[in-house]
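[1] Show me the folded form of this:
(2 chains)
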Amino acid sequence: MIAALICVVSIAALLQFFISYSRSIIAAYRKATLSDQVREVAGITGDTLHGEQFGRLLQLVRLCPQKGDDQGDLSVVQSYYRLMGVFRALGRALSPALSRWAEHERVNCVYFAAVALDRRIAYSRALLAQQMAQR
Amino acid sequence: MLGPVDYCLALLGFAADVYVVLRLCTSKSSLRYFSLAIYMLATIGATIAQEIALNKYGISSQAYGYAYYYSDALLTIALFFVVMGFYQQVFQQMGVGKYVRLASILLLSATAIFSYLVVRRMPTHHLTNRFVVEMSQNLYFVGVVLTYLLWGAVVKLRETRTRLIQLVLALGIFFSSEAASYALRNLFPSLESNILKWIPPIANTFLPLAWAYTFTKIPEDARLETARVTRRPPAPAGMAAHQHS
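    Take a look at the predicted model:
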């Protein structure tokens, strides 16, 4: 009985801690604004982001040379995005409010991925410029 | 028999432990995270002791079992002092350091009495699987409760230090995943050899990695609104969330 109680409480706490941890990482990226360049590359039109764009953006991020400082963030946010996918699916069956909240969080993950792509493109450009200067 | 994944996780965790200690020793904020540095040093010592026991006696030996589970229990208790250090930081401005110290002494005494009662309840003092699982489950659960209360204080007092927020949240993830895995092992012993055996090594690697990340990437003066982490955040600037019907 005690083990079952500990198990339920711990899983609930784990979810809450993980959601807050992921949000604290995403919040740092939300301060940045997206450049026109990344909008063009990622095919982002207007001011609307869709939760489904995350996979495509992540593929683009992985194509760019990495600076080595965002790999941990990407892994955490990718797991968070998957978790929100589960919540969205659950919300469709149980509560529309949960589904809306999960979709909102997925959009934040998309914004995070777009900012990560923006930073990597900027880094690639800087690398290229450096190589050109060395020649 | 330990596989390559076990060794990779152990090495990664060990490297992160060493990194955090070195990072703290060379930074100005080493005194602020003194208990954390001591805990990391203890983890390094415990990892070395476990490795020696493993090589000398083998994985299925009782000696390795004692080395693994008892060092783990002692490290968990050491981690309570890290939590108390975080409490002290959160309540610093309120000038209640004296009460935090008193609470930590009470907590340590309560944990010692509780552990003694658990050991005394056992018919023999031999290391049994059920005993270690129950003891670890309870110790980690105390950690979950303490960290949850700490997180509640962080939110209530609108703590904005990003570094502290991330350190606390990573600790919460560690404690709750360990407590859940030990509780599941207690409930379903058959799951131990499959899925559940991976959770403690992953959690043991995650914590030093997350802390290493925080000390490297998040400057001491970085600030974050706790509302962004706890409440439903607004849409990013200039971006509207497209809601699906």
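
[2] neighbours around residue 130, how many?
    Since no chain was named, I'll use chain A. Residue A:130 sits with 9 neighbouring residues when counted by other CB atoms under 10 Å in any protein chain shown. All C-beta spots, glycine's among them, are computed from the backbone N, C-alpha and C.

[3] My question was about chain B, not that one.
    By other CB under 10 Å, the residues close to residue B:130 number 11.

[4] for it, helix, strand, or coil?
    Here residue B:130 is recorded as helix under DSSP: H, G, I helix; E, B strand; the rest coil.

[5] gap between it and chain A?
    Residue B:130 sits 11 Å away from chain A, going by CB to the nearest CB, to the nearest Å.

[6] Model confidence for that residue, exactly?
    Looking at residue B:130, its pLDDT is 70.

[7] Look up the closest residue to the residue nearest to the spatial centre of chain A, ignoring the ones flanking it.
    By CA atoms, centre = their mean, chain A has its centre lying nearest to residue A:109, at 3.0 Å. Counting by CB to CB, 6 or more residues apart in numbering or on different chains, residue A:81 is the residue found nearest to residue A:109 once chain neighbours are left out, at 4.2 Å.

[8] which stretches of chain B form strands?
    Per DSSP state E, chain B carries strands over the ranges B:240-241.

[9] residues from chain A in reach of chain B?
    Counting by CB under 8 Å from any CB of the partner chain, chain A comes close to chain B at A:3-4, A:6-7, A:9-11, A:13-14, A:16-18, A:20-21, A:23-24, A:27-28, A:30, A:33-34, A:47-51, A:69, A:72, A:100-101, A:103-104, A:107-108, A:111.

[10] Restricted to buried residues, select those residues in PyMOL.
    Of the residues of chain A next to chain B, the buried ones go into a single PyMOL selection, burial set by 16 or more other CB atoms under 10 Å in any protein chain shown:
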select buried, chain A and resi 3+6+7+9+10+11+13+14+16+17+18+20+21+23+24+27+28+30+34+49+51+72+100+101+103+104+107+108+111
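
[11] In helices, which of the residues of chain A next to chain B fall?
    Using DSSP state H, the members of these that fall within helices are A:3-4, A:6-7, A:9-11, A:13-14, A:16-18, A:20-21, A:23-24, A:27-28, A:30, A:72, A:100-101, A:103-104, A:107-108, A:111.

[12] related to what we said a few turns ago, next, the buried residues of the host helix or strand of the residue nearest to residue A:109.
    Assigned by DSSP states H and E, residue A:81 belongs to helix A:71-94. Within helix A:71-94, the residues that count as buried by 16+ other CB under 10 Å are A:72-74, A:76-78, A:80-81, A:83-85, A:87-88, A:91.

[13] Show me what that helix is packed against.
    With contacts taken as 3 or more CB pairs under 8 Å, 6 or more residues apart in numbering or on different chains; DSSP states H and E, helix A:71-94 sits against helix A:2-30, helix A:53-63, helix A:96-134.

[14] which secondary structure elements does the second one contact?
    Read that as helix A:53-63. Contact analysis of helix A:53-63 by 3+ CB pairs under 8 Å, 6+ apart lists helix A:36-42, helix A:71-94, helix A:96-134 as its packing neighbours.

[15] who's in contact with that helix?
    For helix A:53-63, the external contacting residues (CB atoms under 8 Å, 6 or more residues apart in numbering or on different chains) are A:41-44, A:74, A:78, A:81, A:106, A:109-110, A:113-114, A:116-117, A:120.

[16] partners of the helix-or-strand element of chain A with minimal mean pLDDT in the sheet?
    The helix or strand of chain A with the lowest confidence, counting by mean pLDDT, DSSP states H and E, is strand A:48-49 at a mean of 79. Partners of strand A:48-49 in the sheet, by DSSP bridges, are strand B:240-241 (parallel).

[17] quick check: mean pLDDT across the strand it pairs with?
    Per-residue pLDDT over strand B:240-241 has a mean of 48.

[18] what's the answer for stretch B:79-93, then?
    The average of the pLDDT scores along stretch B:79-93 is 88.

[19] List the contacts of that stretch.
    With CB under 8 Å, 6+ apart as the test, stretch B:79-93 has contacts from B:32-36, B:38-39, B:97, B:99-101, B:103-104, B:107-108, B:111, B:142-143, B:146-147, B:150, B:153-154, B:157, B:159, B:161, B:164, B:167-168, B:171, B:175.

[20] and what of stretch B:100-116?
    Applying CB under 8 Å, 6+ apart, the external contacts of stretch B:100-116 come out as B:73, B:77, B:80-81, B:84, B:87-88, B:91, B:135, B:138-139, B:142, B:146.

[21] one more time with 7 Å
    With contact meaning CB atoms under 7 Å, 6 or more residues apart in numbering or on different chains, stretch B:100-116 is reached by B:77, B:80-81, B:84, B:87-88, B:91, B:135, B:142.

[22] How far does stretch B:222-230 sit from its chain's centre?
    Its chain's average C-alpha position is 22 Å from that of stretch B:222-230, according to CA atoms, centre = their mean, to the nearest Å.

[23] Next: stretch B:95-115.
    Distance of stretch B:95-115 from the chain centroid (CA atoms, centre = their mean) equals 18 Å.
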